[in-house]
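Asker: no sequence on this one, just coordinates:
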Ligand SMILES: Nc1nc2c(ncn2[C@@H]2O[C@H](COP(=O)(O)OP(=O)(O)O)[C@@H](O)[C@H]2O)c(=O)[nH]1
Ligand SMILES: [Mg+2]
């Protein structure tokens, strides 16, 4: 038995086509389709209408008070499903229903509890993301998220995908705090599921408009902050300490009669090295074992930080002179962006596991 859970919010133009393709994909399987609907456009009535002629059971749960948005709808679907084997997919046909049998088959092999359909695994693609801007946002937020959870997400290339198969008997639904769009991330980070991936091509929407928005983006950042404050804030604290040390060293050296330029260079390099050693000890301790050797890590971190400072200062100057931005604002923005890039680089590149280490853990997170 398999339950296909489809969260919907105003997808009235997609329901008939979707059910048609899902039922074709489910041919020969014992399965049901479960819509968890928060719409105001009659998607639920349309689903009930289509259900009458469908060849698989179609149930519709309409939530009058939609708690937790999309993530809340998915968890509601888990609770109401007749089967603990569930497939979650979007209601706009961006997730090809023809992949359902493959996901179900992979889940049935009992070495995994969760199978993600990935846009970013080797043969997958994300061309259905509306424009270059959305693609960039998706790529960047995926990289930052993977940087924040390098161990859990080691083998998960697309933690934001909404297309996955899961055995819900392997997780405790009460552990989840769904909010907004990213329920899969919530599951992977808050539970201890064994994860596998299959690639897929993210298609264009069949009908209607995307509900992703800046507001969803803000919720997502909030969710990330709640899920993991640890690593990133420790890294930030070390960075702040480094900034203070930098100023102190410049002061001390100039007091001792060293020229300002030399004092600044020495202070910068000393802080870069100091920050690296502190981050090794306090932030990335758990990743050291599987990463490359000390001198490799040191060299990549050292080079990165030097390039980063060399680039950051002219960029800041440009923002002030060419765009007329106030210099404290320009400084704050470049520092914030540089911080995110630096953290992502360290987590994903400097402490990247060696190939053998990665292969040893292909299915567990
Ligand atoms: N039940 C429910 N479904 C939602 C909500 N927001 C979005 N969805 C559904 O989640 C799926 C993905 O949303 P979509 O707008 O396509 O996001 P995008 O693919 O990232 O552009 C679609 O099936 C939406 O109808 C919500 O608040 N409640
Ligand atoms: Mg969509």
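Answerer: Looks like it came in fine. Since this is a predicted model, take the numbers as computed values, not measurements. Ligands and ions are numbered 1, 2, ... in the order given.
Asker: Confirm that residue 115 sits in a strand.
Answerer: Yes - membership of residue 115 in a strand is supported by DSSP: H, G, I helix; E, B strand; the rest coil.
Asker: That one bridge partners, please.
Answerer: Applying DSSP bridges to residue 115 gives these bridge partners: residue 165, residue 196.
Asker: wait, doesn't it sit right on residue 199?
Answerer: No - look at residue 115 against residue 199 with CB atoms under 8 Å: they stay out of range, at 11.5 Å. All C-beta atoms are positioned from the backbone trio N, CA, C, and that covers glycine.
Asker: between the two, who's got more neighbours?
Answerer: Higher neighbour count among residue 115 and residue 199: residue 115, with 26 against 17, using other CB atoms under 10 Å.
Asker: which parts of stretch 201-215 are buried?
Answerer: Buried residues in stretch 201-215, counted by 16 or more other CB atoms under 10 Å: 201-202, 205, 208, 211-212.
Asker: Considering only those, which also neighbour ligand 1?
Answerer: Among those, the residues within reach of ligand 1 (CB under 6 Å from any ligand atom) are 211-212.
Asker: could I get the buried residues of stretch 201-215 as CSV with secondary structure and pLDDT?
Answerer: CSV is the format used below for the buried residues of stretch 201-215 (DSSP: H, G, I helix; E, B strand; the rest coil; pLDDT from 0 to 100):
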residue, secondary structure, pLDDT
201, strand, 92
202, coil, 91
205, coil, 90
208, coil, 90
211, coil, 83
212, coil, 76
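Asker: And the furthest pair within the buried residues of stretch 201-215?
Answerer: The largest separation in the buried residues of stretch 201-215, counting by CB to CB, is between 201 and 211 at 21.3 Å.
Asker: Next, the buried residues of the longest helix along the chain.
Answerer: In the chain, taking DSSP state H as the definition, the longest helix is helix 294-321. Residues of helix 294-321 classed as buried by neighbour count (16+ other CB under 10 Å): 297, 300-301, 304-305, 312, 316, 319-320.
Asker: So which of these would count as near ligand 2 as well?
Answerer: Residues shared between the buried residues of helix 294-321 and the neighbourhood of ligand 2: none [CB under 5 Å from the ion].
Asker: Can I get the residues you listed in a markdown table including pLDDT and distance to ligand 1?
Answerer: Listed next are those as a markdown table, based on pLDDT from 0 to 100; distance: CB to the nearest ligand atom, whole Å:
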| residue | pLDDT | distance to ligand 1 |
| --- | --- | --- |
| 297 | 95 | 36 |
| 300 | 95 | 34 |
| 301 | 95 | 34 |
| 304 | 95 | 32 |
| 305 | 92 | 35 |
| 312 | 84 | 32 |
| 316 | 83 | 33 |
| 319 | 87 | 31 |
| 320 | 86 | 36 |
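Asker: between those residues, which is nearest ligand 2?
Answerer: Closest approach to ligand 2 among the buried residues of helix 294-321 (CB to the ion): residue 319, at 34.4 Å.
Asker: wouldn't that closest one be in contact with residue 330 here?
Answerer: Yes - between residue 319 and residue 330 a contact is recorded at 4.0 Å, counting by CB under 8 Å.
Asker: ok, now how distant is the residue nearest to residue 153 when sequence neighbours are not counted from residue 315?
Answerer: Sequence neighbours aside, residue 146 is the residue nearest to residue 153 in space, at 4.7 Å (criterion: CB to CB, 6 or more residues apart in numbering). Using CB to CB, to the nearest Å, residue 146 is found at 25 Å from residue 315.
Asker: repeat for residue 271
Answerer: 20 Å.
Asker: secondary structure element for the residue nearest to residue 153?
Answerer: helix 132-148 (DSSP states H and E).
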